[in-house]
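Peer 1: I need the structure of the sequence given here:
(2 chains)
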Amino acid sequence: MLRRSFLVILLVLLAAGCGSGGASSPTGSTSTAAAAQGPGRIVSLSPTATEMLFAIGAGDQVVAVDDQSNYPADAPHSKLSGYEPNVEAIAGYDPDLVVASGDPGGLVDGLGKLNIDVLIQEAPKNLEGAYEEIEELGDATGREQQARTVVSGMRSQISALIEQASAGSGLKVYHELGPDYYSATSQTFIGSIYTALGAKNIADGAGKKAPGYPQLSAEYILKSNPDLIVLSDTTCCAQTLEKVAARPGWKRIDAVQDGDVVEADDDIASRWGPRIVEFVRAVAEAMAETK
Amino acid sequence: MIASSRARRGLTAAAGLSLGWAVIGALVLGGALLVGFAVGPVDLGVGAIVREILSHVPFLGVKSPLDDTEQAIFWQLRAPRVVLGALVGAMLASAGAGYQGVFRNPLADPYLLGAAAGAGLGATLVIAYANDSGASRELRPLAAFVGATAGVAAAYAIGRSVGGRTTASLILAGVTVASFLTAVQTFVQQRNTDTVQQVYAWILGQLETSGWREVAIALPYMAVSWAVLLVHGRLLDVLAVGDEEAASLGVSVSRVRLLVLGAATLGTAVAVALSGLIAFVGIIVPHAIRLVAGTSYRVVMPLSIMFGGAFLVLADVLARTVTSPAELPIGVVTAFFGAPFFALLLRTTRVAGP
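Peer 2: Predicted coordinates for the structure are as follows:
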């Protein structure tokens, strides 16, 4: 029981991407020569890295992606796990670069013994961190130019969206990770987006005692009366505006009364890849329309 | 030998619950409920809550000082949660006392016979495979209930088939079934890492309500369970003498055992289905009562209901306020504060004998 709980806690931390931001540099010795030509056999154990790799045109170099990587649809899906990685199974794909979002179960050590390069890209603190990871992937795969193009495209789109959202700056936002009211503070990547858009994140009220991803009490959410609710539990847990309105007492929340509830895609909202622009757009447009 | 001396004392000394303890129990439970109603992440004010409650009494003419949102917070979120906490705590504690009596084993708890593991597997299956259906939250209590009942039934069948009448074979069967079910549950969980957070939250216990529905679901089952447990207090005292001695006194041992087990399991299954796996209540509450109020089940059983309810309500107050406005899993609170409290009680009372 105890041991299982511990394992579960580890998994939760991983799933939440609690890693301190910024990407660590490639472990082992990525020889610059290999990087220049670009590795030909990449294994991605991170759904975000998979999306980034395909966005910068390195998709052809990817030989396998993990079981959580569901985008893009034509990625070479496999049963490899990023949570419980099996070094033998990964090595079976004969990769020259493995990208992961963490180092569970001695992944880096294990692959290091086989002289396979590993790039760990943890959840960043903010958009800048995400841009850096994309450029880092560009460097590691020989796609520097495409990576820079992707990043500058994201930058310009997002700054336009921030401009658009300024009409609703100062709005109180509740970001929902699950129907048990887990949320994300401004210290997290997803929370940093609300900061960038000028919204007030109600989860920050719990940030001191429960930083990162606190489970908010329903009483507090009702009392905070958010102007905008963003659901990122629509595919996992089938939450909708109607479901939210049916929760006890929630009809009194301004956001629910006015229908200012964004039903976001769980996957996009829990990753930090190029598709985050779609999430920022949905929130920015909702903010601009919220009175 | 030890068991029989304990039982004889129980038989001769206690004639049931004394008025003094009944009053203390009622006061503690009432006090805990008041604290539960008064304290929460949102400060409503004790006076305002009292006036709000009085405003619903006709002809008093009291006007509520709470606005609509605050009324919703109190009546739809806080009050049902406090009441559910009292019910679940009372159920787990009295079921624990029942199991301890049936097995004559001080370590027996409501989860002993595979109830927790079965419920855990049921809930995990729903969270993992029916999560996106939208009916997951409605299905979860049912699945946990079925799992808990199936776990105990399997343990009982295996225990009976191998060991005849001894309680040791039943306990071993329970441990075996629990290990197996836990293995399956962990496997399912590992295959579905995207829902691991919800499974984790459920395993650590959560008193989450959607209004008064959960209270209405729980109440009839628990009432039946409590009726059976309270009626059997005296027979459990006799059972403590030992199976053969009890039989010679004209008690149908296996019938008592089956009835008490059934009632305790039914109540446990409902509690687990609605609140997840809340640890420790079923062990420390009955034992604390034995240390201060006596070992007869005619005392332990009613006091377990009152003190168990009070204990869980107060534990939930901490769960709601320690990291407010964030929540702590209540299972963490019950063990973290319950364990040292019980150790202290154990040290200070130092009862003579067994």
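Peer 1: I'd say B:L125 and B:V188 touch.
Peer 2: Yes - using C-beta atoms under 8 Å, B:L125 makes contact with B:V188 at a distance of 6.2 Å. In this view, the C-beta of every residue, glycine as well, is placed from N, C-alpha and C.
Peer 1: which of the two has more neighbours?
Peer 2: For B:L125 versus B:V188, neighbours defined as other C-beta atoms under 10 Å in any protein chain shown are more numerous around B:L125 (21 against 18).
Peer 1: what's the longest helix in the chain?
Peer 2: No chain specified, so I'll use chain A. helix A:144-165 (DSSP state H).
Peer 1: ah, no, chain B please
Peer 2: helix B:136-163.
Peer 1: same question for that helix, mean pLDDT?
Peer 2: Computed over helix B:136-163, the mean pLDDT rounds to 85.
Peer 1: List the buried residues in that helix.
Peer 2: B:136-137, B:139-141, B:143-156, B:158-159 (16 or more other C-beta atoms under 10 Å in any protein chain shown).
Peer 1: Tell me the secondary structure at the residue lying farthest from the centre of chain B.
Peer 2: Note on chain B: the largest C-alpha distance from the chain mean falls to B:G61, namely 39.5 Å (C-alpha atoms, centre = their mean). The three-state assignment at B:G61 reads coil, by DSSP: H, G, I helix; E, B strand; the rest coil.
Peer 1: Would you mind measuring from B:L207 to B:G89?
Peer 2: According to C-beta to C-beta, to the nearest Å, B:L207 stands 9 Å off from B:G89.
Peer 1: should've said A:A130
Peer 2: From A:A130 over to B:G89 the distance is 46 Å, taken as C-beta to C-beta.
Peer 1: what about the helix or strand hosting B:A223 and chain A, any contact?
Peer 2: Assigned by DSSP states H and E, B:A223 belongs to helix B:213-231. No - no part of helix B:213-231 sits near chain A under the criterion C-beta under 8 Å from any C-beta of the partner chain; the closest distance found is 8.9 Å.
Peer 1: Helix or strand next in line after that helix, which one?
Peer 2: Following helix B:213-231 toward the C-terminus (DSSP H and E): helix B:233-239.
Peer 1: which residues touch that next one?
Peer 2: Residues from elsewhere that reach helix B:233-239 (C-beta atoms under 8 Å, 6 or more residues apart in numbering or on different chains): B:7, B:10-11, B:14, B:16, B:98, B:101-102, B:104, B:246, B:249, B:251, B:253, B:256-257, B:260, B:296-298, B:300-302.
Peer 1: Can you say which of the residues you listed are buried?
Peer 2: Burial by neighbour count, judged by 16+ other C-beta under 10 Å, picks out B:7, B:10-11, B:14, B:98, B:101-102, B:104, B:246, B:251, B:253, B:256-257, B:260, B:296-298, B:300-302 from the contacts of helix B:233-239.
Peer 1: Give the phi and psi angles for the residue lying closest to B:V228 once chain neighbours are set aside, as a check.
Peer 2: Nearest non-adjacent residue to B:V228, counting by C-beta to C-beta, 6 or more residues apart in numbering or on different chains: B:A263, 3.6 Å away. Dihedral angles of B:A263 (phi, psi; degrees, to the nearest 10) stand at phi -70, psi -50.
Peer 1: Distance of B:A263 relative to A:Q121?
Peer 2: Distance from B:A263 to A:Q121, by C-beta to C-beta: 55 Å.
Peer 1: now swap in B:A319 and tell me
Peer 2: Per C-beta to C-beta, B:A319 is found 36 Å from A:Q121.
Peer 1: Settle it for me: which of these two has more neighbours?
Peer 2: The neighbour comparison of B:A319 against A:Q121 (other C-beta under 10 Å) goes to A:Q121, with 28 against 24.
Peer 1: was I right about that one contacting A:E135?
Peer 2: No - judged on C-beta under 8 Å, A:Q121 makes no contact with A:E135 at a distance of 11.2 Å.
Peer 1: sec struct for A:L119, please.
Peer 2: A:L119 is classified as strand under three-state DSSP.
Peer 1: May I have the phi/psi pair for the residue farthest from the centre of chain B?
Peer 2: Torsion angles, degrees, to the nearest 10, at B:G61: phi 70, psi 20.
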